[in-house]
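Q: here's a sequence, model it:
(one chain, ligands or ions: 1)
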Amino acid sequence: LVSRENHPERSVIEVGGVPIGPGSLTVIAGPCAVETPAQTLAAARMARAAGATLLRGGAFKPRTSPYAFQGLGETGLKILADVRDETGMPVVTEVVDPASVELVASYADMLQVGTRNMQNFALLQAVGSASRPVLLKRGMSSTIEEWLMAAEYIAQRGNLDIVLCERGIRTFEKATRNTLDVSAVPIAQRLSHLPVIVDPSHSGGRRDLVLPLSRAAVAAGADGLIIDVHPDPAIALCDGDQALVGADLAELAGQITGLAALM
Ligand code: PEP
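A: Model (predicted):
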């Protein structure tokens, strides 16, 4: 269902009226985690001012440590919905278990399946039955084939509105959190008709790499980017080291627009 063999045309997926796919370079931006209404609104305004058209933000955070901030849950979803009303930006947010798909879908415009859940087959089937587009992140230790098979689980349930997101894979390199697999972009686009975007924030885990990784992603043909921004990264409850502020995002948006125009 997701293979390009039977569907040679590359697909465009709409999220609350915003297209992702060939013909557009979609920027999704927002805080890693929803912390407060003011923080989320400030991040959304920074994102929108820089040209981002979709708002990201985690209300359910799958953290490595059980002692780390786990997200605000439904309170966070309500904040996201309020900020969407205020800014007009459709919302992309993560869902971590099948039982909460309905709840998250009642607030969100797009359901994100994170790297740690890429092979949570019950979750894939549940989002496959939901009436919302899905952002499927690549498992950090998954091959491209496994990633596409995960997308197939979603599609098999009737939901073909899927966007693939390369977010870095595990390698021996320790300078970055994960290694952005730039080659996955053209390979996945050749094998599948689904749009492919890149997360330069979670792959590198470092603010100074977000801009160069974004340029690399766009040069490789990515259909969009998903980027962490925070009004005050130093006090972020989650992944502050990789968060951009508004001026950085505006600089990034200017550079990738120039790069895309050359291609
Ligand atoms: C996220 O985007 O908030 C996130 C946790 O990303 P990943 O699943 O890629 O680590």
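Q: I'd guessed C238 sits against C32; true?
A: Yes: between C238 and C32 there is a contact under C-beta atoms under 8 Å: 4.4 Å. Quick note: C-beta positions are derived from backbone N, CA and C, even for glycine.
Q: common neighbours of these two, please.
A: G58, K61 (C-beta atoms under 8 Å, 6 or more residues apart in numbering).
Q: and the two? Which one has more around it.
A: C32 (25 against 20; other C-beta atoms under 10 Å).
Q: got a list of what the residue lying closest to G88 once chain neighbours are set aside touches?
A: In space, and not counting its chain neighbours, G88 is closest to R48: 7.9 Å by C-beta to C-beta, 6 or more residues apart in numbering. Neighbour list for R48: T87, G88, M89 [criterion: C-beta under 8 Å, 6+ apart].
Q: next step: these restricted to strands.
A: Applying DSSP state E to these, no entry is found in strands.
Q: okay, now the unreliable bits of the protein?
A: Scanning the chain for pLDDT under 70 picks out no residues.
Q: residues of the host helix or strand of the residue nearest to G88 that come out buried?
A: Element membership for R48 (DSSP states H and E) is helix 37-49. Residues of helix 37-49 classed as buried: P37, Q39, T40, L41, A42, A43, A44, R45, M46, A47, R48 (neighbour count, 16 or more other C-beta atoms under 10 Å).
Q: how much space separates the third one from I154?
A: So that's T40. 27 Å (C-beta to C-beta, to the nearest Å).
Q: narrow the contacts of R48 to those that are buried.
A: T87, M89.
Q: which among the contacts of R48 gets closest to the ligand?
A: M89 (16.3 Å; C-beta to the nearest ligand atom).
Q: so what's the closest one closest to, chain neighbours aside?
A: Nearest to M89 is L55, by C-beta to C-beta, 6+ apart, at 4.0 Å.
Q: and the gap between that neighbour and the ligand?
A: 13 Å (C-beta to the nearest ligand atom, to the nearest Å).
Q: same check on V245?
A: 18 Å.
Q: same deal with G254?
A: Counting by C-beta to the nearest ligand atom, the gap from G254 to the ligand is 24 Å.
Q: that residue: which element?
A: helix 246-262.
Q: contact residues of the chain facing the ligand?
A: Contact residues, the chain versus the ligand (C-beta under 6 Å from any ligand atom): C32, G58, E94, G114, T115, K137, R167, D199, H202.
Q: so which of the residues you listed belong to strands?
A: E94, K137.
Q: would JSON lines of the residues of the chain next to the ligand with distance to A261 be doable?
A: Listed next are these as JSON lines, based on distance: C-beta to C-beta, whole Å:
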{"residue": "C32", "distance to A261": "30"}
{"residue": "G58", "distance to A261": "32"}
{"residue": "E94", "distance to A261": "32"}
{"residue": "G114", "distance to A261": "32"}
{"residue": "T115", "distance to A261": "31"}
{"residue": "K137", "distance to A261": "28"}
{"residue": "R167", "distance to A261": "26"}
{"residue": "D199", "distance to A261": "23"}
{"residue": "H202", "distance to A261": "27"}
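Q: of the residues of the chain next to the ligand, keep whichever come out buried.
A: C32, G58, E94, G114, T115, K137, R167, D199, H202.
Q: could you look up the SS state of the residue positioned nearest the centre of the chain?
A: Note on the chain: the residue nearest the mean C-alpha position is I226, at 4.7 Å, using C-alpha atoms, centre = their mean. Assigned by DSSP: H, G, I helix; E, B strand; the rest coil, the conformation of I226 is strand.
Q: ok, it - contacts?
A: I28, A29, R56, V92, L135, C165, I197, V198, D199, S201 are the contacts of I226 under C-beta under 8 Å, 6+ apart.
Q: the first one: helix or strand, and which one exactly?
A: Put plainly, it is I28. strand 26-30.
Q: note down every partner strand of that strand and its orientation.
A: Here strand 26-30 is paired, per DSSP bridges, with strand 54-56 (parallel), strand 224-228 (parallel).
Q: switch these over to a markdown table; also include distance to T143.
A: Below are these laid out as a markdown table (distance: least, C-beta to C-beta, whole Å):
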| stretch | distance to T143 |
| --- | --- |
| strand 54-56 | 26 |
| strand 224-228 | 21 |
